[in-house]
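# Quick one, what's the 3D model for this:
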Amino acid sequence: MSATLRRSRINIKVCHSSHFLSSSTSHTLNTSQTLYKSLDFHTHCSSSPDHYSAIIPRKLDFLQQFSPFPSSSSSTLSINSNERRKIVVGLSKMIKQSQGHVLRGFSQNFRPCFLVKIMKLLERREIAFAFFKFAFQDDSESVIRSCCVAAHLLAAEELRMLAQDVLWCVIDRIGVSRSGDLVEFMWREHHVYETDFSVLDSLMRAFVNAGMGLQALEIVGRMREVGVRPSASGVAILFKLLLRVGDHGSVWKLFKDMIRRGPRPCEYTFTVMILGFCRRGCLNIGECLLHLMPKFHCEPNVTAYNIVINACCIRGRTSDALAWYNLMIERGCNPSSVTYNTVIHAFCKEGNMVKAKEIFDGHKETGFFPNTIMYNTLMNGYVKMREIGEANMLYEEMSKNAIPPDGITFNILVSGHCKYGREEDGDKLLKDISVLGLLPNQSLCDISVSGLCWKGRLDEAMEFLMDMLEKGLSPSIIAFNSVIAAYSQAGLEDKAFEVYKLMECFGLTPSSSTCSSLLMGLSMKGRLQEAMKLMDQMIQKGFTVNSVAFTVLLDKFFKKGNVVGAQRLWREMERQGIFPDVVAFSAFIDGLSKHGQLEEACNVFSEMLKKGLVPNNFVYNSLICGFCKFGRLNEALELEKVMRNRGLLPDIFTTNMIIGGLCKQGRMQSAIDVFINMHQMGLSPDIVTYNTLIDGYCKAFDMVKADNLMNRMYDNGSNPDLITYNICIHGFCSSRRMSQAVLMLDRLVSAGIVPNTVTYNTLLNGICSDILDRAMILTARLLKMAFVPNVVTSNLLLSHFYKQGMPERTLKWGDKLIEIPHAFDEITCKLREKAHHMLEGAVVSGVTSPKSLFLDFLMYITYDYFCRYKPHGKTTKHPLKLIDRSYSGS
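Sure thing, here's the model as predicted:
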């Protein structure tokens, strides 16, 4: 293995961070050293190699020698390493062209003429702007005025785009409070350099780039005052900003102003507005604007249609998307590959492969030929539906039509064979790709790594990836993402982070998939705080974080019971400008409903409808479940009607929740009516349905109907499970019919089902309330069945001590249980408090009843089990001695 790779692996494993000196960085150093030797700015510095080497490592900010200001850290924060490298290369060219005197003059004083000269000599706009950001280290009044003069000079030199960049940078630095003075200075001095339109247009665009919409609108107002008409492109970018921040009032005001005073809205203006409103979730407004375009003599183009179609697809409104698709064809606007791909992807996502194939084949009518992306989309849909044969046929069709497959094509096919087909077919496909040379080495390596991950051979995938790096091959982010996702799903988040750090070392920027996989790995292990910190870091670094990452975290926050954290995350999602999709809304509504935040859940549901998203069964079921759980059954029934009216049929989960809500309120006849209507809706009751109804009858002490329903289960081919038997046993014990409870236990064992702790505790609770002789017989049966107690068992026995007037025994056994960490909980402590209050002022009898001996015996068994299986801690005294001491004390 190469030294560099070996060193990177060691660094990652030791401290999870490493810093590589890339080729671009080394180039920067070499060029900077050349500059240092070429420019004779510091004549006092020794030119000896020793002295030079002593200076360079200590101070790596080589560019500071060109700045007119003292050394400052602000310059290092304003430009990144890539910009720094380009600046150094550009300055070295200037020196070779004998323009060093310009740099020397600027380094002595921040003078606009020298600054503009340097920016012009750097030739490229991005490099010139990067140099300005580096040079702009002081925001004093004199420097700000010099920057304004520089902007004027650039505009006079026909470099208005660069002038706008300069103004944007200055405005962004000084903020709103000082921007008014800047505007006045620019306006006062502009006649010498540029026109009214030029200076005002530059100021407006600078404010827009700085995100100051109100100030940009003020500049538009000033344009109107001096008789200057703003440009259509300038107004369009202002629309973008106002829509991004949600200032719809200003958008409509500006739009009306355009209609009345110009410039007249054009296709681009409408497209910007449609896109902005659709991104804000206002799909209806976007659709209205598309219909409005012909009235302004603007024919909707394919881009405008694509925006609306995509917005419909995102919100699950595929029928509306299809209607727009047909409308654009009727109006003579030919769909593009983006149009086809969007609609096909939407139908594939729904699992409607017949319709997706129909749209795919519809290209023949419009004379459009499908490309690789369209084939990949349809192929991916077939694979996810486990129709590997159809995917293979589509691949063969690609070959016949001479459409070249790419890495994604083979990735889809190999994954399909590995997940749902035969692995040997996937291996054969990989060999064919390699032998025929259908893909470059990088793509082939990516697919090979992904294939190993799909097969669950993670260590081999990682070894293969390291071998690629050792041989000098540079895998793409696909290979790294595959390994990271596989490790995260396997619960090996630390290894996933090792791969992530390795990816960073080789200069690859994480994608949204990378972020989602890492966050999922941390969330699965409950490391939510670390996940939040990671997300914040990725956002700060400008990495792509999509709604999937937020949704993963949102779901885990709710599962941990952290409702406040989930609500904060939802607000952060909106603040970052990330539009929640149906899945995100579903997760948020479900979490709120489960935690009793029903009012907020309804508000979010209304917001979802306003944004044009179509709720699915899961969303409705979440709300119905919340209403039923918290006793708001009428609202649940009303929502079920709304669900039907909107074309969604209640499924088995909906019906079970409605039946559960009715049973909870004791409305058993209504529950049975819903049960009977299930068959009319084409639904078959499952084990949950039967258990819910049986539990309802048991709580109503109607054991006859509960037993009849259990027999009906057998008739319908459904076998009772452990929960069914536990419900019936609990019903018989609650109605003091212990003989029938024991018979039910016998049926449970005969059915081959192993009783659990709930079974034992239920019977034990009934035994303790039964007559002593029968209780002792039943206890012997439980002991033969290897009864395993838990904290519920000890609390149950303590409660019987308390209920049967033995508070002293409740306290003594409670004190002993508290000595064992895993043998008590909050209920134990409450029972001790109640027993203590009962003892105050009460006379304790010295007579030991048979019932007390029996309960002590049961408690001894429980306590003995806790002592034997105590995980850690000091050993306690033998339980028999404890019993002896307690009796001697009484």
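
# Please count neighbours and contacts with C-alpha atoms only from this point.
Noted.

# Next one, pLDDT for the closest residue to residue 656 other than its chain neighbours please.
Distances taken as Cα to Cα, 6 or more residues apart in numbering put residue 689 closest to residue 656, at 5.5 Å, once the chain neighbours are dropped. Confidence at residue 689, expressed as pLDDT, is 90.

# Residue 8 too?
Residue 8 is assigned 47 on the pLDDT scale.

# ditto for residue 596
Looking at residue 596, its pLDDT stands at 87.

# Check the burial of it by counting its neighbours.
14 (other Cα atoms under 10 Å).

# Could you do residue 350 as well?
Residues lying near residue 350 (other Cα under 10 Å) number 12.

# any idea how far it is from residue 373?
Distance from residue 350 to residue 373, counting by Cα to Cα, to the nearest Å: 19 Å.

# Check residue 346 too.
Residue 346 is 14 Å from residue 373, by Cα to Cα.

# between the two, which one's more packed in?
residue 346 (25 against 17).

# In which helix or strand does that one reside?
helix 337-350 (DSSP states H and E).

# so what secondary structure elements neighbour that helix?
Other helices and strands packing on helix 337-350, by 3 or more Cα pairs under 8 Å, 6 or more residues apart in numbering; DSSP states H and E, are helix 302-314, helix 318-330, helix 353-361, helix 372-384.

# So for it, what gets flagged as buried?
Judged by neighbour count using 16 or more other Cα atoms under 10 Å, the buried positions of helix 337-350 are 337-349.

# With stretch 521-529 instead?
521, 522, 523, 524, 526, 528.

# Kindly report the same for stretch 650-668.
650-664, 668.

# how far out from the middle of the chain is it?
From the chain centre to the centre of stretch 650-668 is a distance of 32 Å (Cα atoms, centre = their mean, to the nearest Å).

# quick one: residue 548 and residue 517 touch, right?
No. The criterion here is Cα atoms under 8 Å, and residue 548 misses it with residue 517 at 9.6 Å.

# Please identify which of the two sits among more neighbours.
Using other Cα under 10 Å, the more surrounded residue of residue 548 and residue 517 is residue 517, with 25 against 20.

# tell me the contacts of that one?
481, 484, 485, 488, 489, 549 (Cα atoms under 8 Å, 6 or more residues apart in numbering).

# Within the helices and strands, which one has the closest residue to the fourth one other than its chain neighbours?
Right, residue 488. Excluding the flanking residues, the one nearest residue 488 by Cα to Cα, 6+ apart is residue 521, at 4.2 Å. For residue 521, the host element (DSSP H and E) is helix 512-524.

# For stretch 164-179, what does the pLDDT average out to?
Taken as a whole, stretch 164-179 has a mean pLDDT of 93.

# Check which helices and strands the helix or strand hosting residue 637 sits against.
Following DSSP H and E, one finds residue 637 within helix 633-645. Counting contacts by 3+ Cα pairs under 8 Å, 6+ apart, helix 633-645 is packed against helix 617-629, helix 652-664.

# Out of the ones you listed, the one nearest residue 773 is which?
Among those, the nearest to residue 773 by Cα to Cα is helix 652-664 (35.7 Å).

# between the closest one and helix 617-629, how many degrees?
If you take axes from the mean of the first three to the mean of the last three Cα atoms, to 10 degrees, helix 652-664 sits at 10 degrees to helix 617-629.

# Just send the helices and strands packed on helix 337-350 back as JSON lines, with distance to residue 147 and mean pLDDT too.
Formatted as JSON lines, these follow (distance: least, Cα to Cα, whole Å; pLDDT from 0 to 100):
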{"stretch": "helix 302-314", "distance to residue 147": "39", "mean pLDDT": "92"}
{"stretch": "helix 318-330", "distance to residue 147": "50", "mean pLDDT": "90"}
{"stretch": "helix 353-361", "distance to residue 147": "56", "mean pLDDT": "88"}
{"stretch": "helix 372-384", "distance to residue 147": "48", "mean pLDDT": "89"}
